[in-house]
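>>> structure for the following, please:
(one chain, ligands or ions: 2)
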Amino acid sequence: MSTQPTLGIIGVGELAAAIVDGLALDPEREAPTIVLSPRGAATARALAERHPAVIEIADDNAEVASRAGTLLLAVRPDDLAAALRDVDVPAGTLVISAVAGVDHGRLREQLGANPTIVRAIPMPAVRQRAGVTPIHPPDPAAAALFDRLGGTLAVTEQPAFDALAAITGTVSATLAVLAAIADWAGRQPGLDPSAADAFLRGIVTGVAGELHTDEPLAAVAGGHETRGGLNEQLRTDWFDDANRAALDAALDRLLRRIRG
Ligand SMILES: NC(=O)C1=CN([C@@H]2O[C@H](COP(=O)(O)OP(=O)(O)OC[C@H]3O[C@@H](n4cnc5c(N)ncnc54)[C@H](OP(=O)(O)O)[C@@H]3O)[C@@H](O)[C@H]2O)C=CC1
Ligand SMILES: O=C(O)[C@@H]1CCC=N1
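Ligands and ions are numbered 1, 2, ... in the order given. Sure thing, here's the model as predicted:
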């Protein structure tokens, strides 16, 4: 059995599963004991079957909190109050909240004066221990957990943390642009849609490898443009000032939602 603090998880869904897999499949470090809420029953059962040496499923959320040295909250925002009803978090517990858009004030109302509270934005790449996780405020124990899962970005100021949260809301729109390009190509005469789709995926996968550089993203983009060529034409024709302003405005609205 591990000597590390027990990790308790309330909210055993997509994100929690990625974190548990990332910790339990780490070939270099022993995983902590992980106590799961019984809710999200199918996911909890699947995790317990995959990682029987480290997972235990509690009878209720109160048991999770009472046994956890570190308590991860990963429910959807609207479920937080119900999830913490009848839950007493002991002094000395580190609570890490991945609940989007719920700030420290609201968390403190739910959790009382006892625990240390750190907000975090883990993304699914933690499953491969390849996701850098923003945390706020900086905390060494929370950083130690996320360092195992790909790294930590410790953020002192809440506005900066909120802006990072807004970035996490851009993933499906970014992928939807690719889907729209593939969809357009699939409607061109004589072109097999699946061949067009595979061709596009290959291009994007190749470009993704180039992101491991200190070069500004605008320079990486520029590196793919021949002066007067096709890429420059589409960027200036479609991603013009109006489109860019619409994106900025949508990001501003996302930030306002995050800030409540
Ligand atoms: N998925 C992601 O990539 C990211 C998610 N987040 C945030 O993490 C949180 C979880 O997201 P995600 O994993 O996608 O959501 P899911 O819907 O996959 O998981 C939420 C889980 O919470 C459980 N739950 C609901 N009510 C309770 C309760 N009263 N007690 C205990 N558990 C309960 C649900 O169980 P049941 O099925 O039984 O209702 C479900 O298993 C959200 O706040 C989200 O914004 C943040 C960053 C990234
Ligand atoms: O889309 C969402 O709301 C969640 C939060 C960040 C990533 N997924």
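>>> next one: phi and psi at Lys72?
Check again: residue 72 is Leu, not Lys. Dihedral pair for Leu72: phi -100, psi 130, per degrees, to the nearest 10.
>>> ok, how many other residues are close to it?
Residues lying near Leu72 (other CB atoms under 10 Å) number 27. Backbone N, C-alpha and C define where each C-beta goes, glycine included.
>>> the stretch 151-260 of the chain: strands as residue ranges?
152-154 (DSSP state E, counting those that start in this stretch).
>>> which stretches of it form helices?
Under the criterion DSSP state H, counting those that start in this stretch, helices of the stretch 151-260 of the chain are mapped to 158-168, 171-186, 193-208, 217-222, 230-238, 241-259.
>>> most packed of those?
helix 158-168 (a mean of 16; mean count of other CB atoms under 10 Å).
>>> on that earlier part again, now the helices of the stretch 151-260 of the chain in a markdown table, with mean pLDDT and distance to Ser37?
Formatted as a markdown table, the helices of the stretch 151-260 of the chain follow (pLDDT from 0 to 100; distance: least, CB to CB, whole Å):
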| stretch | mean pLDDT | distance to Ser37 |
| --- | --- | --- |
| helix 158-168 | 96 | 23 |
| helix 171-186 | 97 | 26 |
| helix 193-208 | 96 | 35 |
| helix 217-222 | 93 | 39 |
| helix 230-238 | 96 | 46 |
| helix 241-259 | 96 | 25 |
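>>> could you dump those helices to JSON lines with distance to ligand 2?
Shown next, in JSON lines, are those (distance: least, CB to the nearest ligand atom, whole Å):
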{"stretch": "helix 158-168", "distance to ligand 2": "4"}
{"stretch": "helix 171-186", "distance to ligand 2": "7"}
{"stretch": "helix 193-208", "distance to ligand 2": "19"}
{"stretch": "helix 217-222", "distance to ligand 2": "20"}
{"stretch": "helix 230-238", "distance to ligand 2": "25"}
{"stretch": "helix 241-259", "distance to ligand 2": "10"}
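>>> can you put these in TSV and add distance to Phe146?
Output for these, formatted as TSV (distance: least, CB to CB, whole Å):
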stretch	distance to Phe146
helix 158-168	13
helix 171-186	19
helix 193-208	22
helix 217-222	24
helix 230-238	35
helix 241-259	20
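>>> which one of these lies closest to ligand 1?
With CB to the nearest ligand atom, the closest approach to ligand 1 among the helices of the stretch 151-260 of the chain belongs to helix 158-168: 5.8 Å.
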